[in-house]
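> got a structure for you, letters missing:
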């Protein structure tokens, strides 16, 4: 994505449509270049490849940014088209994230287990020499490999589907011309800045619902105890539901951080601080998902008590990682510019309409 | 212990012996008043009483202070007598701490389990509704009650022993006259301040061996992973040994904090900051011991995997408490006066020779 169209109108007189079209053209081009690479890579590798491919990574970057742009600046496009495109992009995003997510989860859980059960270089962990550690490791490895193999088959099948072909056609049309609506005719600053500001407004509102003060107190125990959720209407307590409800507002906030990041990119503003927050919340999400995997593995029938014990420690360890990520977020957030205006008043990094740079995630 | 002897020499011309005798007289008196109460209380209560008695608490306070005084200012006494007295006081201290320690451990572990498995008021925990939670609770409760019953029998037996009578006789003699040695004839400031400074020197040296910088970084994972200990000479990794080795320097530091506290009391200086550190390290020690209890319970034969899983979570939770206590210590320590001089140059709270006040622990 470094081959940005240098013809993009970077002047102050550009319309919103000019800016958005320029971005979409670049992103759709990146999408179409990465798609065959990603399909080829998925087809070429066995079910349990260790590293996700570069093509898939590029494709994910383009899909996320087109989706984010269509969400935040959706008012500048034909509404039906925006809705359909976002649905299809969301479908592809989930599909593409499936396998790399499982690969990272395996690395996280097996790495945690190795750290807890001791290694030569960093000193032993609290499970050093425990008889259950190798058993729990083998169980997690087996279950995650199985999940990855299944995900691989699904992805392989869907990447050959008519649905993906239709989405590729949609992107091809986008390179030529985006279906702009009336509001796109306005001046870029007048149209796009309020829409970007709305993305920041959503982020700020979502963050207000987070227990930031509690999270910013280290070792508040909130990842393990005192979860936010209330008992279910039937009066039953269910840890899985309680943990999911406790994590959900953080996951939502991550989506909104991403949208705000991509909105800043469209406005040509630097977004390094948001990139950092996005990473922190990615760590939160991955630890939360890994914790669920450990808890689920512990419910496998006929495991030994030693295996179950080790999985209990791993579960708690990942919830501690959740806590640590919330702490990191709670420390960073209050230092950010307080409102959307502060972000958008920053001098443009490369002016309006500069094409999206090659970034991670 | 509020009935301090008002005849204590509180002048600048007092000798070290005057000051030490005055303190020992008050402490031995407190010991002798508390002893029959404590013996009666232990004898009167059933094996699994919930709250340790006031008599035992007073006795513990006196025993700790006499022991600390004899350690720090031992050079002012007849060496053989100091050694014997410290041995006997140490024996009684361990004996008296046994049952209250187990009562507090049960409260800590069952409280942690209740917090983790959810309660109405504070929101559910990560074990809410888990089938293993009530089983693990019953197992811990049973094992701790058994340990407490055994401890109670031991204490009851030893409190009637000739060894305790001999120690009481030793304290009775102390009320009349402490067996002072030659150095006690010197001026209080000249003799006692260097000895108190040495207690602070030991504390500072011990603290330098602690991984304070790592501890002061929240969520450094050092309570669960990357323990300080090296593998055993046989090349085996043993988590119990590794955890014990990781905790040992902190336990030693707690002993030294207590000695420094009691030395400050003898010098009539305020010790509130050290009281606070002592509490933090008590929390460290109790969490460390509770973690061992959870790990040991998980090795009970024929428990269900669900029970073992819950005990794994409880073990990790208590190691997290260990981490939290280290963090609290690492935050407080650097803010303390840097050397013994700074502590001892503080104006005396009530002048030399003021009798020890009634304090907690």
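Received the coordinates, thanks. Everything numeric in this text was worked out from a predicted model, so none of it was measured. Numbering: from 1, shown residues only, chains lettered A, B, ... in the order given.

> any idea which element the residue in chain A that chain B sits nearest to lies in?
Taking CB to the nearest CB as the measure, chain A has residue A:312 as its residue closest to chain B, at 2.5 Å. Using the backbone N, CA and C atoms, a C-beta is placed for each residue, glycine as well. Secondary structure from DSSP states H and E places residue A:312 in helix A:305-332.

> which helices and strands sit right next to that helix?
helix A:79-116, helix A:132-158, helix A:212-215, helix A:239-266, helix A:272-297, helix B:305-332 (3 or more CB pairs under 8 Å, 6 or more residues apart in numbering or on different chains; DSSP states H and E).

> Using JSON lines, lay out the ones you listed together with mean neighbour count, distance to residue A:58 and mean pLDDT.
Putting these into JSON lines (neighbours: other CB atoms under 10 Å in any protein chain shown; distance: least, CB to CB, whole Å; pLDDT from 0 to 100) gives the following:
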{"stretch": "helix A:79-116", "mean neighbour count": "18", "distance to residue A:58": "11", "mean pLDDT": "95"}
{"stretch": "helix A:132-158", "mean neighbour count": "17", "distance to residue A:58": "16", "mean pLDDT": "95"}
{"stretch": "helix A:212-215", "mean neighbour count": "16", "distance to residue A:58": "34", "mean pLDDT": "84"}
{"stretch": "helix A:239-266", "mean neighbour count": "21", "distance to residue A:58": "16", "mean pLDDT": "93"}
{"stretch": "helix A:272-297", "mean neighbour count": "20", "distance to residue A:58": "17", "mean pLDDT": "96"}
{"stretch": "helix B:305-332", "mean neighbour count": "26", "distance to residue A:58": "39", "mean pLDDT": "94"}
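
> Could I get those in CSV, plus columns for distance to residue A:204?
Formatted as CSV, the helices and strands packed on helix A:305-332 follow (distance: least, CB to CB, whole Å):
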stretch, distance to residue A:204
helix A:79-116, 23
helix A:132-158, 35
helix A:212-215, 12
helix A:239-266, 9
helix A:272-297, 13
helix B:305-332, 30
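
> And the residue nearest the centre of chain A?
residue A:282 (6.1 Å; CA atoms, centre = their mean).

> Show me which residues of the stretch 251-361 of chain A sit near chain B.
With CB under 8 Å from any CB of the partner chain as the criterion, the stretch 251-361 of chain A meets chain B at residues A:291, A:298, A:303-317, A:319-321, A:323-324, A:327.

> Oh, that last question was meant for the stretch 51-200 of chain A, not what I typed.
So far as CB under 8 Å from any CB goes, the stretch 51-200 of chain A lies against chain B at A:115-118, A:120, A:122-130.

> any idea how far the nearest residue to residue A:210 once chain neighbours are set aside is from residue A:205?
Leaving aside its chain neighbours, residue A:210 sits nearest to residue A:249 (5.7 Å; criterion: CB to CB, 6 or more residues apart in numbering or on different chains). Distance, residue A:249 to residue A:205, by CB to CB, to the nearest Å: 11 Å.

> And for residue A:24?
27 Å.

> Neighbour count: those two, which is higher?
residue A:24 (24 against 11; other CB atoms under 10 Å in any protein chain shown).

> In space, what's closest to that one - neighbours in sequence excluded?
Spatial nearest neighbour of residue A:24, chain neighbours left out: residue A:178 (4.9 Å); criterion: CB to CB, 6+ apart.

> Could you check how far that neighbour is from residue A:266?
13 Å.

> so what's in contact with the two at the same time?
residue A:20 (CB atoms under 8 Å, 6 or more residues apart in numbering or on different chains).

> Now do the contacts for residue A:42.
Per CB under 8 Å, 6+ apart, neighbours of residue A:42: A:53, A:56, A:99, A:152, A:155, A:156, A:159.

> Determine which two of the residues you listed are furthest apart.
Pairwise distances across the contacts of residue A:42 (CB to CB) peak at 13.1 Å, for the pair A:53 and A:156.

> follow-up on the earlier one: which residues touch the residue of chain A closest to chain B?
The contact partners of residue A:312, by CB under 8 Å, 6+ apart, come to A:298, B:308, B:309, B:310, B:311, B:312, B:313, B:314, B:315, B:316.

> For the second one, which non-adjacent residue is closest in space?
Think residue B:308. residue A:305 (3.6 Å).

> can I assume the one you found is in contact with residue B:139?
No - with contact defined as CB atoms under 8 Å, residue A:305 does not reach residue B:139; the gap is 11.3 Å.

> picking up where we left off before, and residue A:68, which of the helices and strands packed on helix A:305-332 is closest to it?
helix A:239-266 (3.5 Å).

> That closest one: how far from the chain's middle?
8 Å (CA atoms, centre = their mean, to the nearest Å).

> same for that helix, what does it pack against?
Partner elements for helix A:239-266 (3+ CB pairs under 8 Å, 6+ apart): helix A:16-44, helix A:54-72, helix A:188-208, helix A:272-297, helix A:305-332, helix A:340-344.

> what angle sits between that helix and helix A:272-297?
160 degrees (axes from the mean of the first three to the mean of the last three CA atoms, to 10 degrees).

> Among the helices and strands packed on helix A:239-266, which comes closest to residue B:73?
So among the helices and strands packed on helix A:239-266, helix A:305-332 is nearest, using CB to CB, at 44.4 Å.

> what angle separates that closest one from helix B:79-117?
Going by the same axes, to 10 degrees, helix A:305-332 makes 90 degrees with helix B:79-117.

> and helix A:305-332 with helix B:132-158, angle?
Going by the same axes, to 10 degrees, helix A:305-332 makes 100 degrees with helix B:132-158.

> what's the distance between helix A:305-332 and the middle of its chain?
Worked out by CA atoms, centre = their mean, helix A:305-332 lies 20 Å from the chain centre.

> and of the helices and strands packed on helix A:305-332, who's closest to residue A:200?
helix A:239-266 (5.5 Å).

> Please parse chain A into its domains.
A:15-184, A:187-228+A:242-351 (automatic domain parsing).

> State the distance from residue A:191 to residue A:256.
Counting by CB to CB, the gap from residue A:191 to residue A:256 is 21 Å.

> Then residue A:152?
Taking CB to CB, one finds residue A:152 at 31 Å from residue A:256.

> repeat for residue A:279
15 Å.

> repeat for residue A:328
From residue A:328 over to residue A:256 (counting by CB to CB), the distance is 17 Å.

> which SS state does residue A:227 fall under?
Here residue A:227 takes the coil state, with states given by DSSP: H, G, I helix; E, B strand; the rest coil.

> burial count for it?
Counted with other CB under 10 Å, residues neighbouring residue A:227 total 25.

> Next, work out how far apart the residue lying closest to it once chain neighbours are set aside and residue A:127 are.
Using CB to CB, 6+ apart and skipping the chain neighbours, the partner closest in space to residue A:227 is residue A:246 (4.0 Å). Plainly put, residue A:246 is 26 Å away from residue A:127 if you go by CB to CB.

> got it, and residue A:60?
35 Å.

> So these two - more neighbours on which side?
More crowded of residue A:60 and residue A:127, by other CB under 10 Å: residue A:127, with 30 against 19.

> where does the more buried one land in three-state SS?
From three-state DSSP, the assignment for residue A:127 is coil.

> just the one 3 residues further on next, same as before
Here residue A:130 is coil, with the state taken from three-state DSSP.

> show me the contacts for it.
Neighbours of residue A:130 in contact, by CB under 8 Å, 6+ apart: A:117, A:306, A:309, A:310, B:239.

> Save these as JSON lines, and put in distance to residue B:41 too.
Compiled in JSON lines, these are given as follows (distance: CB to CB, whole Å):
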{"residue": "A:117", "distance to residue B:41": "45"}
{"residue": "A:306", "distance to residue B:41": "42"}
{"residue": "A:309", "distance to residue B:41": "38"}
{"residue": "A:310", "distance to residue B:41": "43"}
{"residue": "B:239", "distance to residue B:41": "38"}
